[in-house]
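Novice: with the sequence up front, the predicted model follows.
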Amino acid sequence: MSDITNIPVSAALIVKNEENNIRRCLNSIRWIHDIVVFDTGSTDKTPDICREYSCRILKGDWQGFGPAKQFAVSRSLHDWVLVIDADEEVSPQLQQTILSILKSPEADGYRIRRISYYLGKQITHGGWNRDYTLRLFNRKQGSFNQKVVHESVQIPSGKIDTIHEPLFHYTYPDINTHLRKISLYTDLAAKSAVHEGKQSNLGMAMMKGEFKFLKMYFLQAGFMDGREGFILAVMSAFGVFLKYVKISRLSRGKPV
């Protein structure tokens, strides 16, 4: 226990109405003694559950994924920070690897292998099998960019290494949850794209969506994941199609 206590690492989360996920996540990081939770407006039991785990809860308005995650990171007590989402879970193997690495870090940031589940099934193809995400880093060397969606950690001049022990990701337990996320993410992505001067049209939207399906289902062997692989490819293609439709409408001053 003393080794764990002496490892200077914080955890940072952003949450909103995550009562169905957050307990599993917090159980997997209870070995981290500084857990920063940035709540952007929960109306369910999420804050109460976080208090059970002695998290430091910060509250504020939503300004996008990048700014929100960087705010949580900036309020961490330690320079080394593990950023995790409420629907993720640190495996015991990953915990031990992180503790071992942080005794004498040889890099400034670490990409972690993420294993994802869709509709309750582990997805092993469709591009999801090559998912390594930079989640453990020294905040003196890196930070999140300011993108409202598809945010990422930037380490301009430091060394980045890889951790192969898994972070489990429980994405969408049902279709309705996925549809709600598609609506939110495509809104954010379309507004960001139009702000950058990008345009689209219906033909481009159809082409982009079709290519997304072909890439995931055939080129990346999504068909190997059975029924769930097909549904995931269709839903992902719909999300891409919808994003470009919204870009087209917003760029012409039309509501979405």
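Specialist: That came in fine, so what should we check first?
Novice: which helix in this structure has the most residues?
Specialist: helix 226-251 (DSSP state H).
Novice: which residue packs closest to residue 122, ignoring adjacent ones?
Specialist: residue 115 (6.5 Å; Cβ to Cβ, 6 or more residues apart in numbering). Yep, even glycine has a C-beta here, placed from its N, CA and C like the rest.
Novice: show me what the strand or helix carrying the one you found is packed against.
Specialist: Element membership of residue 115 [criterion: DSSP states H and E] is strand 109-118. Counting by 3 or more Cβ pairs under 8 Å, 6 or more residues apart in numbering; DSSP states H and E, the packing neighbours recorded for strand 109-118 are strand 132-138, strand 160-172, helix 226-251.
Novice: list the contacts of it.
Specialist: The contact list for strand 109-118, computed with Cβ atoms under 8 Å, 6 or more residues apart in numbering, reads 88, 94, 101, 122-123, 128, 131-138, 141-142, 153, 155, 158-172, 228, 231-232.
Novice: could you rerun that using 6 Å?
Specialist: 123, 128, 131-137, 142, 155, 160-164, 166-172, 228, 232 (Cβ atoms under 6 Å, 6 or more residues apart in numbering).
Novice: just stretch 13-27 next, same as before
Specialist: Under Cβ under 6 Å, 6+ apart, the answer for stretch 13-27 is 37-42, 44-46, 49, 53, 68-69, 72, 84, 86-89.
Novice: now residue 62: phi and psi?
Specialist: phi -80, psi 130 (degrees, to the nearest 10).
Novice: quick one, strands of the stretch 51-200 of the chain?
Specialist: 56-59, 80-83, 88-90, 109-118, 121-122, 132-138, 143-144, 153-154, 160-172 (DSSP state E, counting those that start in this stretch).
Novice: pull out the buried positions in the first one.
Specialist: Buried residues in strand 56-59, defined by neighbour count with 16 or more other Cβ atoms under 10 Å: 56-57.
Novice: cool, stretch 44-53 as well?
Specialist: Going by 16+ other Cβ under 10 Å, stretch 44-53 has these buried residues: 46-47, 49-50, 53.
Novice: one more: stretch 195-211?
Specialist: Those would be 200, 205, 208-209, for stretch 195-211 by 16+ other Cβ under 10 Å.
Novice: contacts only, for the closest residue to residue 70 other than its chain neighbours.
Specialist: Closest residue to residue 70 apart from its sequence neighbours, by Cβ to Cβ, 6+ apart: residue 144 at 4.0 Å. Residues near residue 144 by Cβ under 6 Å, 6+ apart: 66, 69-70, 151, 153.
Novice: looking at the residues you listed, which is nearest residue 106?
Specialist: The nearest member of the contacts of residue 144 to residue 106, counting by Cβ to Cβ, is residue 153 at 17.6 Å.
Novice: element containing residue 25?
Specialist: Counting by DSSP H and E, residue 25 is part of helix 22-28.
Novice: just put the strands of the stretch 51-200 of the chain in CSV and tack on mean pLDDT and distance to residue 219.
Specialist: Listed next are the strands of the stretch 51-200 of the chain as CSV, based on pLDDT from 0 to 100; distance: least, Cβ to Cβ, whole Å:
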stretch, mean pLDDT, distance to residue 219
strand 56-59, 98, 42
strand 80-83, 98, 30
strand 88-90, 98, 27
strand 109-118, 98, 18
strand 121-122, 98, 20
strand 132-138, 98, 19
strand 143-144, 98, 31
strand 153-154, 98, 28
strand 160-172, 98, 21
